[in-house]
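Student: Return atomic coordinates for the entry below.
(one chain, ligands or ions: 1)
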Amino acid sequence: MKKEPIIIAFCCNWCSYAAADLAGISRLQYPGSIRIIRVMCSGMVHPDLVLQALNKGADGVIVVGCHLGECHYLKGNEMALARAEIIADTLEDLGIAAERFQLVWVSSSEPERLVAAFRAMSERLRAGRTPEIEAKEAGQ
Ligand code: FES
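Tutor: Okay, here's the model as predicted:
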């Protein structure tokens, strides 16, 4: 049986981390291989952090922030959106499958949306079995 993909989830403190908290309180289940890292704002997640996570063994990285127009720091998620384009271009340049990175917006009252995003990425990575993941599992 294939193992669950390791996914690093950078969650902003004000919305998405609160949604993750609420998901736990509500007993919503998501794959145990999701590793949540709380950041103050999605705009703080530099592209280097995403690339380092993938380089150090994560199968996927998901950045989760407040909905556009609702960032606690006003424009942090707009910065995250701009960075997501840079990340996507960089992954393409490096030959890394695009589905290994995702940016999503979740409010603190949307734990179901957060869990759905986690599950969808995990299933996509499992189904897609990117060449990088196959090589990693084979110990190469
Ligand atoms: S505080 Fe949530 S995205 Fe900025």
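Student: and the chain, which of its residues are near the ligand?
Tutor: For the chain, the residues in contact with the ligand (Cβ under 6 Å from any ligand atom) are 12, 14-15, 41-43, 65-66, 71-73, 76-77. Every C-beta, even on glycine, is put in place using the N, C-alpha and C of the backbone.
Student: Which members of the residues you listed are the farthest-apart pair?
Tutor: Spanning the widest gap among those are 15 and 43, at 12.6 Å by Cβ to Cβ.
Student: bridging residues for the residue nearest to the spatial centre of the chain?
Tutor: The structure's the chain has its C-alpha centroid closest to residue 62; by Cα atoms, centre = their mean the separation is 0.8 Å. Residue 62 has these beta-bridge partners by DSSP bridges: residue 9, residue 102.
Student: Show the contacting residues for it.
Tutor: Residue 62 sits next to 7-10, 101-104, 117-118, 121 when contact means Cβ atoms under 8 Å, 6 or more residues apart in numbering.
Student: cool, and residue 79?
Tutor: With Cβ under 8 Å, 6+ apart, residue 79 has these contacts: 42-43.
Student: How about residue 16: what's its closest non-neighbour residue?
Tutor: In space, and not counting its chain neighbours, residue 16 is closest to residue 64: 3.7 Å by Cβ to Cβ, 6 or more residues apart in numbering.
Student: Measure how buried that neighbour is and give me the count.
Tutor: With neighbours defined by other Cβ atoms under 10 Å, the count for residue 64 comes to 28.
Student: what about it, which SS state?
Tutor: When classified by DSSP: H, G, I helix; E, B strand; the rest coil, residue 64 comes out as strand.
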